[in-house]
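>>> coordinates only, no sequence provided:
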């Protein structure tokens, strides 16, 4: 991520990046995010697998339509499976939302 920020700073320091350059950066970041979620978050990995999708299948914003929707109720039901396996559960701090949507939401 730092290398992309440095690349963006370098590009912005000289000139405004072209639409193609910005799109390439977005595609790389999207790919890294989806790959991370697939490798480290059981809920997302299960949803990808259930729908026979691999992160490499999603190459641009338009491809995001292939991803299954995950509702807030799905996230609630997933419990610990919605949290990255790279996170130490003992170091999580939890807070609750106000519940303005109807049910309080536990946020870590």
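Arrived safely. A quick note: this is a predicted structure, and the numbers were derived from the prediction, not measured.
>>> alpha carbons only for contacts and neighbour counts from here, please
Will do.
>>> helices and strands of the chain: which one bottoms out on pLDDT?
Every helix and strand of the chain was ranked by mean pLDDT, DSSP states H and E. The lowest is helix 2-14, at a mean of 70.
>>> following that one, which helix or strand comes up?
helix 19-40 (DSSP states H and E).
>>> can you give me how far that following helix is from the chain middle?
Relative to its chain's centre, helix 19-40 lies at 9 Å (Cα atoms, centre = their mean, to the nearest Å).
>>> hmm, who's touching it?
Under the contact criterion Cα atoms under 8 Å, 6 or more residues apart in numbering, helix 19-40 has outside partners 1, 4, 44-45, 48, 55-56, 58-60, 84-86.
>>> same thing with stretch 47-60?
By Cα under 8 Å, 6+ apart, stretch 47-60 touches 27, 30-31, 34-35, 38, 63-64, 66-68.
>>> repeat that for 7 Å
27, 31, 34-35, 64 (Cα atoms under 7 Å, 6 or more residues apart in numbering).
>>> just the buried ones out of these, please.
Among those, the ones that count as buried by 16 or more other Cα atoms under 10 Å are 27, 31, 34-35.
>>> so which of those residues sits lowest on pLDDT?
Scanning these for pLDDT, the low point is residue 27. It has 88.
>>> mind pulling up the pLDDT for the residue most central in space within the chain?
By Cα atoms, centre = their mean, the chain has its centre lying nearest to residue 33, at 4.9 Å. You'll see residue 33 listed with a pLDDT of 93.
>>> no further questions, thank you.
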